[in-house]
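Engineer: Got a predicted model here, sequence first, then my questions.
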Amino acid sequence: MTHQPDPTAPAFTGLTDLASRALGASVVSANDELFAQRENLINPWPPAFDPGEFGHKGKVYDGWETRRRREPGNDWAIVRLGAPGVVRGVVVDTAWFRGNYPPAISVEAAAVDGYPAPAALAEVEWTPLVDRSACAGDGQNYYPVEDERWFTHVRLSIYPDGGVARLRVHGEVVGDPRFLTGTIDLVAAENGGRLVRTSDAFYSSPAQIIMPGRARNMGEGWENARRRGPGNDFAVFALGQPGTVRHLEVDTGYYVGNAPGWVRVGVLDARTASLDDDGAWTDVLPRTAVVADTRHRFLAAADVEATHARLDVYPDGGLSRFRLWGEVAPAALDAARERWQAGRG
């Protein structure tokens, strides 16, 4: 299966999925999960379906499914986001749920310090993000959100019951300034890094290579199509905060016969230069040979403040992870503190 973007999907689906397990999200509680467990809601891969698979409780679904409700009320599940953030849109995916999907949903959010237990979350103030809205079966239901505050948790409510395959909460990470000091991974998704553009994402998106941890297999990295013409493939990332790169990691783990032959990394300050100006990029890693299935570490070749990074692979090939270790610029750290204080949900 290819990972080409859906041209009919709203623009917000190109933003980071704050509710993805790949980012560290978790489903902390649900009032019912008799037919299918709540944890499936945030799996990063597409939902699967085997028409012949049945268990002791009935048909097995790759999603969250509650029992048929015989009393008033509705069902719900609470997700702790992988990183605090501003939500721009929600996707409620009911793939394969055709006669057992919820006809309506709503989504609320809260900003909570620490790691509260489910009982404590029942007492917090929840802010509506998506009012009760119609929901269709066996498809992706898109709900834009307009709220500039940041949140740590979301609560999906379904009316009255039914099954949901996946919940996607797309938005912008708002980095906790307490964890932006010292040397950090400036391009990491959990620190606010995001993919801006890429030449090719035929098999999988380069957005995956800035996710936490090491990839568990080749499917969790970036793999482009085999290049048959001139040129090379690339990906451009916005750093979570403006900063200075000190050392880099380029990991070709699991890419045995399809790693790049060479890589190059440039940085640029978009506050003073255009991403389209080839001459404005400064190499922190000149074109350098890499080998298959290996975690490479390099010292940065330049000492410049930047807002974006461009990763070039020659001529094509896959990477499992990409890291840019450095320090956030002092002025950017001050701005992050202000945004954190002003935008709390």
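Structural biologist: Noted; the coordinates are in hand.

Engineer: quick one: the strands in the stretch 51-200 of the chain?
Structural biologist: Listed from the start of the chain, the stretch 51-200 of the chain has strands (DSSP state E, counting those that start in this stretch) covering 54-55, 58-59, 64-65, 75-93, 104-110, 127-134, 140-144, 150-159, 163-164, 166-173, 184-185, 194-198.

Engineer: doesn't Pro242 make contact with Ala306?
Structural biologist: Yes. Here Ala306 reaches Pro242: they are 6.8 Å apart, a contact under CB atoms under 8 Å. Where you see a C-beta, it was placed from the backbone N, CA and C, and this is true even at glycine.

Engineer: who's more crowded, the two?
Structural biologist: Between Ala306 and Pro242, counting by other CB atoms under 10 Å, Ala306 is the more crowded of the two (25 against 21).

Engineer: joint contacts of Ala306 and Pro242?
Structural biologist: Each of Asp269 lies in contact with both Ala306 and Pro242 under the rule CB atoms under 8 Å, 6 or more residues apart in numbering.

Engineer: returning to what we had before: now the strands of the stretch 51-200 of the chain in CSV, with mean neighbour count, mean pLDDT and distance to Tyr255?
Structural biologist: Putting those into CSV (neighbours: other CB atoms under 10 Å; pLDDT from 0 to 100; distance: least, CB to CB, whole Å) gives the following:
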stretch, mean neighbour count, mean pLDDT, distance to Tyr255
strand 54-55, 10, 76, 36
strand 58-59, 15, 68, 37
strand 64-65, 28, 96, 34
strand 75-93, 23, 98, 25
strand 104-110, 21, 98, 37
strand 127-134, 15, 98, 39
strand 140-144, 17, 98, 30
strand 150-159, 24, 98, 35
strand 163-164, 28, 96, 34
strand 166-173, 24, 98, 27
strand 184-185, 20, 98, 20
strand 194-198, 17, 96, 17
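
Engineer: Redo those as JSON lines? Include distance to Phe234.
Structural biologist: Conversion of the strands of the stretch 51-200 of the chain to JSON lines gives the following (distance: least, CB to CB, whole Å):
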{"stretch": "strand 54-55", "distance to Phe234": "46"}
{"stretch": "strand 58-59", "distance to Phe234": "44"}
{"stretch": "strand 64-65", "distance to Phe234": "38"}
{"stretch": "strand 75-93", "distance to Phe234": "26"}
{"stretch": "strand 104-110", "distance to Phe234": "35"}
{"stretch": "strand 127-134", "distance to Phe234": "35"}
{"stretch": "strand 140-144", "distance to Phe234": "29"}
{"stretch": "strand 150-159", "distance to Phe234": "31"}
{"stretch": "strand 163-164", "distance to Phe234": "36"}
{"stretch": "strand 166-173", "distance to Phe234": "23"}
{"stretch": "strand 184-185", "distance to Phe234": "20"}
{"stretch": "strand 194-198", "distance to Phe234": "7"}
